[in-house]
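Undergrad: I'll drop the sequence and a predicted model, then ask my questions.
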Amino acid sequence: MRLRARGVIKYLGSKRRLIALIEEAVLSVGDVRVFVDLFSGTSRVGQALKKRGLQVKANDHNAYAHTLARCYVQADAEALVDDVTLLVAELNALPGRPGWFAETYCERSRFFQPKNGARIDVIRDAIAAKGLEPVLEAVLLTSLMEAADRVDSTVGVQMAYLKSWSKRSFNDIVLRVPDLISSSKNGSCSAHHLDAHAAAAALSADVAYLDPPYNVHSYLSNYHIWETLIAWDRPEVYGVACKRVECRERKSRFNSRAQFTDALHGVVARLDARALVVSFSDEGYLKRDELVAILQTRGPVSVIEQSGFRRYVGAQIGIYNPSGKKVGAVSHTENTEYLFVVNVETPPLRP
């Protein structure tokens with residue numbers, strides 16, 4: 001029997017609980033065939049719209065997110081599932097042998113048990129050695145990423161690891177066949193690896209969806225191990241968490257309070273779509289009215305508001321210093337999510 005993946009990686013900012021509302025907002029535009037997701041993350045939104053028959057164009061600047069989109073948006077189940085099943089079985093049979101990954105993330109840091117780090121080393125090397133076409137390789141890399149996620153020792157982000165091993169970390173790592181989606185009736189879906197501003201200028205659609213980073217939390221820093229697992233480049237690392245040096249060097253304008261407004265305005269102005277759907281939160285840099293003011297430059301805006309969402313896990317367990325001592329109290333444990341829907345009336349900005 002083929003083991004099927006039951007879900008994607010644990011992810012800060014996942015829109016799992018908002019998917020139905022986002023789908024409703026997108027489809028309410030009418031006659032929607034092509035959909036762009038500019039900050040695709042785990043690609044949950046793109047997956048949902050592909051299942052509804054839309055041609056989805058998913059984009060993300062991070063390599064791990066681009067890989068997830070290649071697997072769950074660009075790949076079609078009927079074309080790949082048999083090959084993936086055979087390859088997953090082959091990879092699962094490989095014995096472990098510790099290498100750079102195990103040394104870095106099992107010894108220098110403690111994100112994974114050594115037995116699983118050794119298996120990750122061997123499996124990732126084997127995938128690289130096969131020289132597979134990019135979409136098939138992305139499906140296998142997604143399977144490995146999800147398998148590693150099921151045996152990690154974190155609270156869901158890779159800023160730090162737990163002081164004591166998590167219960168799941170003692171399990172043996174096992175790859176599963178990702179739950180691939182069948183081809184869309186409205187055309188081949190695609191995954192793109194572009195800066196948001198470049199993607200906004202290059203990708204047109206009936207509806208464009210934006211879920212940008214909107215506070216200080218960097219997805220590259222939060223998921224630096226996945227970025228390294230995909231790049232497989234043995235980067236220079238720093239700190240207790242062994243982060244990629246890239247985490248210090250590549251900063252997103254969307255994670256900067258000073259730069260956020262101009263960054264978002266630039267993306268909104270360049271999008272070529274009949275409608276925009278924007279996901280935001282009261283945890284973001286801008287207040288509701290400030291965001292409406294930016295979006296109104298493209299057309300009339302309606303707002304859907306939902307309260308009672310649990311905040312990210314760090315905000316629920318408290319604030320601690322590097323030695324593990326609690327030094328701050330939690331101000332609140334819930335937040336409000338917004339969906340802004342823009343009926344576009346003005347043409348996009350073009351160079």
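TA: It's in. Numbering: from 1, shown residues only.

Undergrad: burial of P134, as a residue count?
TA: Applying other CB atoms under 10 Å, we find 11 residues neighbouring P134. From N, CA and C alone the C-beta is placed, and that goes for glycine too.

Undergrad: can you map out the helices along the stretch 101-250 of the chain?
TA: With DSSP state H, counting those that start in this stretch as the criterion, the stretch 101-250 of the chain has helices at 114-130, 134-149, 196-202, 219-222, 224-231, 246-249.

Undergrad: Output those as JSON lines; include the columns mean pLDDT and distance to T336.
TA: Shown next, in JSON lines, are the helices of the stretch 101-250 of the chain (pLDDT from 0 to 100; distance: least, CB to CB, whole Å):
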{"stretch": "helix 114-130", "mean pLDDT": "98", "distance to T336": "38"}
{"stretch": "helix 134-149", "mean pLDDT": "98", "distance to T336": "28"}
{"stretch": "helix 196-202", "mean pLDDT": "97", "distance to T336": "24"}
{"stretch": "helix 219-222", "mean pLDDT": "95", "distance to T336": "21"}
{"stretch": "helix 224-231", "mean pLDDT": "98", "distance to T336": "29"}
{"stretch": "helix 246-249", "mean pLDDT": "95", "distance to T336": "29"}
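
Undergrad: Could you save these as a markdown table and add columns showing distance to S182?
TA: Converted to a markdown table, those look like this (distance: least, CB to CB, whole Å):
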| stretch | distance to S182 |
| --- | --- |
| helix 114-130 | 24 |
| helix 134-149 | 14 |
| helix 196-202 | 25 |
| helix 219-222 | 29 |
| helix 224-231 | 25 |
| helix 246-249 | 36 |
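
Undergrad: The residue lying closest to R257 once chain neighbours are set aside: how many residues sit nearby?
TA: Spatial nearest neighbour of R257, excluding adjacent residues (CB to CB, 6 or more residues apart in numbering): Y285 at 5.1 Å. Using other CB under 10 Å, Y285 is surrounded by 20 other residues.

Undergrad: Could you tell me whether Y285 really is in a helix?
TA: No - read with DSSP: H, G, I helix; E, B strand; the rest coil, Y285 is coil and lies in no helix.

Undergrad: how near is it to V301?
TA: Using CB to CB, to the nearest Å, Y285 is found at 18 Å from V301.

Undergrad: Same check on R168?
TA: Per CB to CB, R168 is found 43 Å from V301.

Undergrad: do the same with R244
TA: R244 sits 38 Å away from V301, going by CB to CB.

Undergrad: Could you double-check that K243 lies in contact with T228?
TA: No - contact criterion CB atoms under 8 Å: K243 and T228 do not qualify, at 9.2 Å.

Undergrad: Point out where this protein drops to low pLDDT.
TA: Scanning the chain for pLDDT under 70 picks out the ranges 1-8, 13-14, 308-333.
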